[in-house]
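Got a predicted structure plus its sequence, pasted below:
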Amino acid sequence: MAQLTPQLVPCEPPRAPQLVLGHGAAARALAGRLLQLADTELAAMSCAAGEGWLVARGPSEHLPWVEGVVYLASFAEAPELYVPTWQRPNLPPHLVMRGLQRSQPGPLAWLRHAGEDVLIPLASLRRPGRRRLASLCVEPPE
């Protein structure tokens, strides 16, 4: 029996974004834009950062536009699987999520970055503090 490999394929129309993700300079710029949100808008967000990534989840209308970020959305049948808004898995999303959660429990972002599939755990999403966001705006020393 042939084994099917999950892949991201284009979809139309794009879904409404629920999450924004930046890496490197885009993550720093995203942190800066999140700092510009009003307190009530920032309180509606949850964020996580690590290894050069910054992820922010919240209402579509509060997700800031930043050059170089990726906007992701989940699926009704797989609410813990976030993929770019213009893509979908080539297999049923709930089956892909079930397979991914064997090695990575909890919600996940799945995207291609620098030509490679990347899985980013989202279980650590928390309400962002302004001090933490400000520290993410600074380029790390080499």
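Thanks, I have the structure now.

bridging residues for the residue most central in space within the chain?
Centroid check for the chain by C-alpha atoms, centre = their mean gives L21 as the closest residue, at 4.3 Å. For L21, the beta-bridge partners under DSSP bridges are V55, V70.

thought it was touching L108?
No. Assessed by C-beta atoms under 8 Å, L21 is found out of contact with L108, at 11.6 Å. In this view, the C-beta of every residue, glycine as well, is placed from N, C-alpha and C.

shared neighbours of the two, anything?
By C-beta atoms under 8 Å, 6 or more residues apart in numbering, L21 and L108 have these common neighbours: I120.

Can you give me every residue that contacts A43?
Residues counted as contacts of A43 (C-beta under 8 Å, 6+ apart) are R127.

So for A114, what pLDDT did the model give?
A114 carries a pLDDT value of 81.

buried stuff in the helix ranked longest in the chain?
Longest helix of the chain, by residue count under DSSP state H: helix 25-35. Across helix 25-35, burial judged by 16 or more other C-beta atoms under 10 Å covers 26-31, 33-34.

Show me where the protein has its helices.
For the chain, the helices defined by DSSP H cover 25-35, 39-43, 93-100, 130-136.
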